[in-house]
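Student: Please work out how this folds:
(one chain, ligands or ions: 1)
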Amino acid sequence: MVGLIGRQWIGTRPAIVLLRCTIQLNQAQFRLECCGPQGELPAEAAFHAVQRAGMHAGVPSNARPLMQLTANFTLDELTRTTTGLPNVPNRSERAALLALAEHVLQPLRDALGQPVRVTSGFRSTAVNRAVGGVPSSQHRSGQAADIHVSGMSAMALARRIVALGLPFDQLIEEFGQWVHVSYGPLQRRQQLIAVRREGRTRYLQGVM
Ligand SMILES: [Zn+2]
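Tutor: Below is the predicted model:
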């Protein structure tokens, strides 16, 4: 348990308060819980408090937060990258990841009753460039994830997402290998199949 100085809303105003935080450090990840005079802090605020105070709490500067977004999805798995490049979402990008997990990924996981593996979620500008993503990719803003479910074809997974009536913005069955799904304010309900033809990616309408 460490004491950190942080901010918590008291009534209608933010106040500087003493937070009592537990931080479990596990290699390069940490799990945190912070409590102030008004009770437990939302994950977002706790993340900020510990990020600011990281050096005082003995958290290495390269540690990544293992922040639980929903019952089965963490911020860590939605920001993982094999590029070795920095991939830290800002406040609005984290909010978009949380909304994606809350409205699409977790309801899907609950309906399937088995793990939904995220192969790519948020991408910083550097990561997006490195993996050849278009600058307007919804991965950039934290609105999209590429997912895979063991024992299920990408097409079966895409069709299941549509059949469940999940409020996705865009759903793409990509190359028969994974499903790209996004959640955002546009709510286009767009369904596409990505195929490679003559070395180029083409998009066909509809997955049903
Ligand atoms: Zn994608």
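Student: Helices along the chain, start to end?
Tutor: Shown for the chain, the helices assigned by DSSP state H span residues 43-53, 75-78, 91-100, 106-112, 125-130, 154-163.
Student: Please work out how many residues are found near residue 189.
Tutor: As a burial measure, residue 189 scores 11 neighbours (other CB atoms under 10 Å). (Each C-beta comes from the backbone N, C-alpha and C, glycine too.)
Student: Enumerate every residue touching it.
Tutor: Contacts for residue 189 (CB atoms under 8 Å, 6 or more residues apart in numbering) come out as 168-169.
Student: From the ion, how far off is it?
Tutor: 17 Å (CB to the ion, to the nearest Å).
Student: Quick one: closest of the helices of the chain to the ion.
Tutor: Each of the helices of the chain has some distance to the ion by CB to the ion; the shortest is helix 125-130, at 10.5 Å.
Student: Dump the helices of the chain into JSON lines; add mean pLDDT and mean neighbour count as well.
Tutor: Putting those into JSON lines (pLDDT from 0 to 100; neighbours: other CB atoms under 10 Å) gives the following:
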{"stretch": "helix 43-53", "mean pLDDT": "67", "mean neighbour count": "19"}
{"stretch": "helix 75-78", "mean pLDDT": "90", "mean neighbour count": "21"}
{"stretch": "helix 91-100", "mean pLDDT": "90", "mean neighbour count": "19"}
{"stretch": "helix 106-112", "mean pLDDT": "97", "mean neighbour count": "16"}
{"stretch": "helix 125-130", "mean pLDDT": "95", "mean neighbour count": "16"}
{"stretch": "helix 154-163", "mean pLDDT": "98", "mean neighbour count": "18"}
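Student: I'd like those as a markdown table, with distance to the ion appended.
Tutor: As requested, the helices of the chain are arranged in a markdown table below (distance: least, CB to the ion, whole Å):
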| stretch | distance to the ion |
| --- | --- |
| helix 43-53 | 24 |
| helix 75-78 | 12 |
| helix 91-100 | 12 |
| helix 106-112 | 15 |
| helix 125-130 | 10 |
| helix 154-163 | 12 |
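Student: could you redo those helices as a markdown table and give each row distance to residue 34?
Tutor: As requested, those are arranged in a markdown table below (distance: least, CB to CB, whole Å):
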| stretch | distance to residue 34 |
| --- | --- |
| helix 43-53 | 4 |
| helix 75-78 | 15 |
| helix 91-100 | 16 |
| helix 106-112 | 23 |
| helix 125-130 | 28 |
| helix 154-163 | 35 |
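Student: Just tell me which of those ends up closest to residue 119.
Tutor: helix 75-78 (9.8 Å; CB to CB).
Student: ok, the residue of the chain most remote from its centre - contacts?
Tutor: Centroid-distance maximum for the chain: residue 198 at 33.4 Å, with CA atoms, centre = their mean. If you count contacts by CB under 8 Å, 6+ apart, residue 198 has none.
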